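Enquirer: A structural model of the following input is requested.
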Amino acid sequence: MILEIKVPSPGESITEVEISSWLVKNGDFVKKNQVIAEIDSDKATLEICAEESGMLIIKAKKGDILKVGEILCLIDTSFSKEKKNLMAPSTIKILNQYKIDKKKIISTVNKKKKTKKYDAIKKIPSMGTKNLINRSFDITKLSKLRRKLSERLVSVKNETAMLTTFNEVDMSNIFFLRKKYKNIFKEKHGVKLGLMSFFVKSCIIALKKYPDINSMIDGENKINFKYYDISIAVSGPKGLMVPVIRNADTLSFRGIENTIKNLSNSIKNSTISIDEITGGTFTITNGGIFGSMLSTPIINPPQSAILGMHNIVERPIVKLGKLEIRPIMYLALSYDHRIIDGKEAVGFLLSIKESIENPIKNLIGSEENLKNSFELK
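Expert: Numbers count the residues shown, from 1 in each chain. Prediction:
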């Protein structure tokens, strides 16, 4: 029986996808539920699984654009797993070493017998001059997801009046709290007490003070959001993705850290849904995890601002007339100057600085409330 595998719908409003990779080859035997291909839409990557066991017949190559519902491949369920053993191990080794297409070998022999090592040796290309310097290069087509991201980033540059302002924050008190409570927090909740939950909470306080930063332009109108869906930039196998923490203002430290962990795992496993990466009213990105000292992050459209976190370095600073060494992080806020004034942007960063440098007072309320805030009782 010939089974048709068609392009599934990745989500509402998406009508076409691009084949980003085949994980098996044409003619291979595949098992039911085996992942055989990956497809890219404008917003996410989806895995395609074999619906039954059998021989795979590929109908579209890597890089092809297909519409939802079009045939991706066929599976001939009449073939058994025995077809996999047409080549001897020594033959496969030579084919892999010299990158020889299996089809060129199989087509020259009786399909009922194993392909012999001699058949593969005959196909080894001439080595030519051995002393040439290797000047090879690879040309790889950008994935549909990467091309869409490129378009969005260029449009931000061309269509917004983007400006970036900076500040620095002393991380000493956050370090103290994390050192004191990180082990018991991890033991009780199964997740780390990370920096991001402190920054998410600090951003929400600052967004409430400066509501235009939690807004967007829609034609001739400005939309101010009364809720706080915070997007978090996460690097995944397919590139940068920005999943959303919904109603972040209602979540505890544990709730924020758990949500980030689950979203990050979904991205790494390529199981993230369209709904989980759309929307968002404000974005936080942390280039510090890669060692970045300072950057000017690009706004995540249609949002109007993005906070950039950076690496933490011990730096000399002056406190009450004395020189001290403190762990310092540089912060950057990129914003759309069409609706956000410099005064608001500077005030926003100052608010975050105050919250991070005095977290007990500004984020937790009091020392007596620490265990309640971390849900350790």
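Enquirer: use CA for all of it now, contacts and neighbours both
Expert: Fine.
Enquirer: Against which helices or strands is the longest helix along the chain packed?
Expert: Counting by DSSP state H, the longest helix found in the chain is helix 172-189. When contacts are defined as 3 or more C-alpha pairs under 8 Å, 6 or more residues apart in numbering; DSSP states H and E, helix 172-189 packs onto helix 342-357.
Enquirer: rerun at 10 Å
Expert: helix 195-209, helix 253-268, strand 322-336, helix 342-357, helix 359, helix 370-373 (3 or more C-alpha pairs under 10 Å, 6 or more residues apart in numbering; DSSP states H and E).
Enquirer: Residue 146: which of these is closest?
Expert: helix 253-268 (15.0 Å; C-alpha to C-alpha).
Enquirer: Within the sheet, what are the partner strands of the helix or strand just after that closest one, with directions?
Expert: Going down the chain from helix 253-268, the next helix or strand is strand 282-286, by DSSP states H and E. If you go by DSSP bridges, strand 282-286 pairs up with strand 230-232 (parallel), strand 305-309 (parallel).
Enquirer: between strand 282-286 and helix 195-209, how big is the angle?
Expert: 150 degrees (axes from the mean of the first three to the mean of the last three C-alpha atoms, to 10 degrees).
Enquirer: quick one: buried residues of the longest helix of the chain?
Expert: For helix 172-189, the neighbour count (16 or more other C-alpha atoms under 10 Å) marks 174, 181, 182, 185, 189 as buried.
Enquirer: ok, residues contacting that helix?
Expert: With C-alpha atoms under 10 Å, 6 or more residues apart in numbering as the test, helix 172-189 has contacts from 190-195, 198, 253-255, 257-258, 326-328, 355-360, 370-371, 374-377.
Enquirer: Quick one: buried ones out of those?
Expert: Buried among those (16+ other C-alpha under 10 Å): 191-193, 198, 253-255, 257-258, 326-328, 355-360, 370, 374.
Enquirer: got any ranges where the stretch 251-377 of the chain has weak pLDDT?
Expert: Within the stretch 251-377 of the chain, no stretch has pLDDT under 70.
Enquirer: Between the two ends of stretch 18-27, what distance do you get?
Expert: 21 Å (C-alpha to C-alpha, to the nearest Å).
Enquirer: ignore the last one, stretch 272-279
Expert: OK, stretch 272-279 end separation, C-alpha to C-alpha: 14 Å.
Enquirer: go on, stretch 337-347?
Expert: 14 Å.
Enquirer: now stretch 222-230
Expert: 19 Å.
Enquirer: buried ones in that stretch?
Expert: Those would be 225, 227, 228, 229, 230, for stretch 222-230 by 16+ other C-alpha under 10 Å.
Enquirer: again, but for stretch 284-291
Expert: 284, 285, 286, 287, 288.
Enquirer: Residue 41: which of those is nearest?
Expert: For the buried residues of stretch 284-291, the nearest to residue 41 is residue 285 (22.9 Å; C-alpha to C-alpha).
Enquirer: OK, contacts around residue 344?
Expert: Per C-alpha under 10 Å, 6+ apart, neighbours of residue 344: 206, 209, 210, 211, 212, 213, 350.
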